[in-house]
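[1] Quick check, what structure comes out for this input:
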Amino acid sequence: MNAHIADLLNVVVLSSLVAIAIAVSYVKDLLYAAILLGAYSLVIALIWLLMNAPDLAITEAAAGIGMTTLMIAVISKIGRKGE
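    Numbering: from 1, shown residues only. Down below sits the predicted model:
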């Protein structure tokens, strides 16, 4: 892979990570926040994969998906609070 393309990919992935983190802090609905945290975890897993650490990427993806599923299940049981 060309070094310029790799740098551009890193900038795009890190920018999306920052955008998701900011979006999580502004979302009022708990369900949307849980979904965004799952997306954040998947982007972090992609970053680990780009850094040639596939074992950490798989662990992050599994933990992120598991926690997101658990949060959505708890939110659906206790009810959603929106604006």
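[2] Hmm, Ile72 is touching Leu31, no?
    Yes - with contact defined as CB atoms under 8 Å, Ile72 and Leu31 form a contacting pair (6.6 Å). For the C-beta atoms, the positions are set from N, CA and C on the backbone; glycine is no exception.
[3] can you pull out the strands in the chain?
    Remark: strands of the chain are absent; assignment by DSSP state E.
[4] any weak-confidence spans in it?
    When residues are selected by pLDDT under 70, those of the chain lie in 1, 80-83.
[5] So which residues of it form helices?
    3-26, 30-50, 54-78 (DSSP state H).
[6] Would you mind measuring from the residue most central in space within the chain to Ala21?
    The central residue of the chain, meaning the one whose C-alpha is nearest the mean C-alpha position (CA atoms, centre = their mean), is Tyr40 at 1.3 Å. Relative to Ala21, Tyr40 is positioned 6 Å away (criterion: CB to CB, to the nearest Å).
[7] My guess is the residue nearest to the centre of the chain contacts Val18. True?
    No - no contact is recorded between Tyr40 and Val18 when judged using CB under 8 Å, the distance being 10.2 Å.
[8] Mind listing residues that contact stretch 61-79?
    Under the criterion CB atoms under 8 Å, 6 or more residues apart in numbering, residues 30-31, 34-35, 37-38, 40-42, 44-45 lie in contact with stretch 61-79.
[9] My error: substitute stretch 47-55 in the last question.
    Outside of stretch 47-55, the residues within contact range by CB under 8 Å, 6+ apart are 9-10, 13-14, 17, 56-57, 60.
[10] buried ones in it?
    By neighbour count on 16 or more other CB atoms under 10 Å, the buried set for stretch 47-55 is 47-49.
[11] Alpha carbons of it, as CSV, please.
    Coordinates of the C-alpha atoms in stretch 47-55 are reproduced here as CSV (Å, rounded to 0.1, in the frame of the first residue of the first chain):
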residue,chain,number,x,y,z
ILE,A,47,-7.5,1.1,14.2
TRP,A,48,-6.0,-1.9,16.0
LEU,A,49,-6.2,-3.8,12.7
LEU,A,50,-4.5,-1.0,10.9
MET,A,51,-1.7,-1.1,13.5
ASN,A,52,-1.2,-4.9,12.7
ALA,A,53,-2.6,-6.1,16.0
PRO,A,54,-5.4,-8.5,14.9
ASP,A,55,-5.7,-10.2,18.3
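[12] No further questions, thank you.
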